[in-house]
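Peer 1: Model the following, please.
(one chain, ligands or ions: 1)
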Amino acid sequence: MRVRKAVIPAAGLGTRMLPITKSMPKEMLPVVDRPVIHYVVEEAIKAGIDDILIITGKGKRAIEDYFDRSFELEYYLREKGKLGELREIEEIGEMVDIYYVRQKRPLGLGDAILHAEKHVNGEPFAVLLGDDIIVSQKPGIAQLIEVAERKNAPVIGVETVPWDLVGRYGIIAGEEVEDDLYKIRDLVEKPSRKEAPSNVAIIGRYVLPPEIFDVLKDVPPGKGVEVQLTDALKLLLPKSEMFAKRINGRRYDIGSKAGFIIANVELSISREDLRNQVLQHIEKLLREIRYG
Ligand code: UTP
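Peer 2: As a prediction, the model looks like this:
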């Protein structure tokens, strides 16, 4: 198996981030000076992906504009001699082959992925959710691709979450067969703490086989009329060995307000040009909070 294509679902309504998402896709929310989806596309490219399909929907034009060339802006920057900025803007327009397909109604992640069937054209493919940033030495999705190619099987990215948060995630049950690698026995979408078979939670990265499309067509809408990907994976389980890989790195869920803010703080601290200013301000704030 060789994974060459990636699908980035970015058609959700982002209700947890309202009101900003009323007129702005959450995938375009800025983390330091670039939109979330920039980090996601970059991760895929670093993992060797050379073909990306973004699932967009109503009000998501800004995503297409972002990855397009902007000749007017490039001309202006060249005229002004702002060559560093020019290079950066040109690079974004040349990142990789990006294609788009529209999900007409936001009927869930499973339904969004179903829209990729034609483009994927019978190959295994990577899925990176457009609102999750992973910062790691080896790109998050590359860690899954390595296992998928070695085991010739689908692989789901997971992390251990606190037990009181299991109800927010898809949760897996399985045996740890290697360090940080589980063979999956079962999957449950958003279980109660009591029902949860573990606290190993699915995060926004997958390597899926093309067979997932037929399964997705058979999945009845789950919680909240949405077609859940976890339900489809559960149906695929009896037909295919499936693995879960704990991703080594830090994940930021930009779909939640706290995740968005934490990502901005941490990623700005990791930038040399901003580090000192941001840290000094945080220290000042902490002093004020502690000592009044
Ligand atoms: P989420 O469940 O986080 O997205 O989906 P959401 O529905 O937009 O968020 P809330 O819960 O209302 O705040 C994870 C990813 O799947 C995409 C989203 O854009 C996000 O990147 N998605 C979700 C779709 O592409 N289509 C959908 O119908 C639902």
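Peer 1: Low-confidence stretches in the stretch 101-250 of the chain?
Peer 2: 222-224 (pLDDT under 70).
Peer 1: change it to 80
Peer 2: Within the stretch 101-250 of the chain, the segments meeting pLDDT under 80 span 220-226.
Peer 1: And for Leu286, the neighbour number?
Peer 2: Using other C-beta atoms under 10 Å, Leu286 has 10 other residues around it. From N, CA and C alone the C-beta is placed, and that goes for glycine too.
Peer 1: The helix or strand where it lies: which residues count as buried?
Peer 2: Using DSSP states H and E, Leu286 sits within helix 275-291. Judged by neighbour count (16 or more other C-beta atoms under 10 Å), helix 275-291 contains these buried residues: Val278.
Peer 1: From the rest of the structure, what touches it?
Peer 2: Outside helix 275-291, the residues that touch it by C-beta atoms under 8 Å, 6 or more residues apart in numbering are 265, 268-269.
Peer 1: And stretch 83-92, by the same measure?
Peer 2: With C-beta under 8 Å, 6+ apart as the criterion, stretch 83-92 contacts 38, 66-67, 69-70, 73-74, 77-78.
Peer 1: next one: stretch 105-119
Peer 2: By C-beta under 8 Å, 6+ apart, stretch 105-119 touches 5, 7, 9, 11-13, 53, 55, 57, 99, 101-103, 125, 127, 129, 208, 210, 212-213, 216-217, 219, 221-222, 224-229, 231-232.
Peer 1: Just the ones in helices from these, please.
Peer 2: 212-213, 216-217, 229, 231-232 (DSSP state H).
Peer 1: Burial check on whichever residue of the stretch 151-292 of the chain sits closest to the ligand, number of neighbours?
Peer 2: Proximity of the stretch 151-292 of the chain to the ligand (C-beta to the nearest ligand atom) peaks at Gly255, 4.2 Å away. By other C-beta under 10 Å, the residues close to Gly255 number 22.
Peer 1: which residues in the stretch 101-250 of the chain form helices?
Peer 2: 109-114, 117-120, 140-151, 212-218, 229-236 (DSSP state H, counting those that start in this stretch).
Peer 1: okay, those helices, which one's buried deepest?
Peer 2: helix 109-114 (a mean of 24; mean count of other C-beta atoms under 10 Å).
Peer 1: coming back round to it: and which of the contacts of stretch 83-92 is nearest the ligand?
Peer 2: The nearest one, if we look at the contacts of stretch 83-92 relative to the ligand and count by C-beta to the nearest ligand atom, is His38, at 13.9 Å.
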